[in-house]
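*Asks:* show me how the following folds:
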Amino acid sequence: MAEQSKSKPVPPEISPYLFPVALALMGAWFSYDGWFSAEPDMQEHLIFNRVGSAILLPWAVVDFFRTWRAENEYKRKIVVKNDVTLDDN
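*Replies:* Presented below is the predicted three-dimensional model:
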């Protein structure tokens, strides 16, 4: 039998923007059901959907900008760290 590697496999990376996009999609769904849907069955859940959209959409925007700022900060630290190591040579 072939030798197996002792190191654990690296888990796949997911985008840091996955959570804000998921929030935005859920918020859009709540918005449609709460504000635009004329389906009679959805009238029972009107307030729930409106409140859900009022919470999820701003949360998605805030989380998107937090993630964007954190990603830019991380990239800037990597660039600065690489510049320092290049200057040391």
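
*Asks:* tell me which residue is most central in this protein.
*Replies:* Among the residues of the chain, Phe19 comes closest to the average C-alpha position under Cα atoms, centre = their mean, at 2.5 Å.

*Asks:* can you pull the pLDDT of that residue?
*Replies:* Here the pLDDT value assigned to Phe19 is 96.

*Asks:* how much space between it and Pro40?
*Replies:* As defined by Cβ to Cβ, to the nearest Å, Phe19 lies at a distance of 34 Å from Pro40. Every C-beta, even on glycine, is put in place using the N, C-alpha and C of the backbone.

*Asks:* repeat that for Pro9.
*Replies:* Relative to Pro40, Pro9 is positioned 51 Å away (criterion: Cβ to Cβ).

*Asks:* go on, Glu13?
*Replies:* Remark: distance between Glu13 and Pro40 (Cβ to Cβ) = 45 Å.

*Asks:* what do you get for Pro11?
*Replies:* Using Cβ to Cβ, one gets 46 Å for the distance from Pro11 to Pro40.

*Asks:* again, but for Tyr32
*Replies:* Tyr32 is 15 Å from Pro40, by Cβ to Cβ.

*Asks:* ok, Asp63 next?
*Replies:* From Asp63 over to Pro40 (counting by Cβ to Cβ), the distance is 34 Å.

*Asks:* and after the helix or strand containing Val21, which helix or strand comes next?
*Replies:* Taking DSSP states H and E as the definition, Val21 sits inside helix 18-31. The helix or strand immediately downstream of helix 18-31 is helix 46-88, counting by DSSP H and E.
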